[in-house]
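Asks: Just to be clear, the model below is a prediction. Sequence and coordinates:
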Amino acid sequence: SQWKDDYAVSCELRRMHRQKRKSSFLEAASNEAKGIRVAMQPEVEADVQLAQRVHFTSKLRRSDAVRGAKRQRLLAGSIFALENDADTSKLAALQLRRER
């Protein structure tokens, strides 16, 4: 009957649980070493194939271009040079405030 071999069934269940617990612990440790702090789903072959077909293209954002132009101006010019008259007036206003 079904209760005859309950010891063997219990041993098998405990063995499977230990294997599952060990593999989940190793996976969590591996993810933690990679900086992943959330539980990950198991890898599915269909997802792997889909990810291999995706090609990302990076577009240069306007903010990157503006930042790049500003950086080039800074690298090309003197760090002590003023850019325009507005900077000169700001500097004069600052000096007046300091003198008060």
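Replies: That came through, no problem.
Asks: Can you name the secondary structure element that comes next after the helix or strand of the chain with the lowest mean pLDDT?
Replies: Ranking every helix and strand in the chain by mean pLDDT, DSSP states H and E puts helix 62-76 at the bottom, with a mean of 70. Heading C-terminal from helix 62-76, the first helix or strand you meet, by DSSP states H and E, is helix 85-99.
Asks: by contact count, what packs against that next one?
Replies: Contact partners of helix 85-99 among helices and strands, from 3 or more C-beta pairs under 8 Å, 6 or more residues apart in numbering; DSSP states H and E: none. For every residue, glycine as well, the C-beta is placed using N, CA and C.
Asks: mean confidence for that helix?
Replies: Averaged across helix 85-99, the pLDDT comes to 73.
Asks: Report the backbone C-alpha coordinates of that helix in CSV.
Replies: What follows is helix 85-99, C-alpha atoms only, in CSV (Å, rounded to 0.1, in the frame of the first residue of the first chain):
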residue,chain,number,x,y,z
ASP,A,85,30.5,90.9,-21.0
ALA,A,86,27.7,89.4,-18.9
ASP,A,87,30.4,87.5,-17.0
THR,A,88,32.3,90.7,-16.6
SER,A,89,29.3,92.5,-15.2
LYS,A,90,28.6,89.6,-12.8
LEU,A,91,32.2,89.8,-11.6
ALA,A,92,31.9,93.5,-11.0
ALA,A,93,28.6,93.1,-9.1
LEU,A,94,30.2,90.4,-7.0
GLN,A,95,33.2,92.6,-6.2
LEU,A,96,30.9,95.5,-5.2
ARG,A,97,29.0,93.2,-2.8
ARG,A,98,32.3,92.0,-1.2
GLU,A,99,33.4,95.6,-0.7
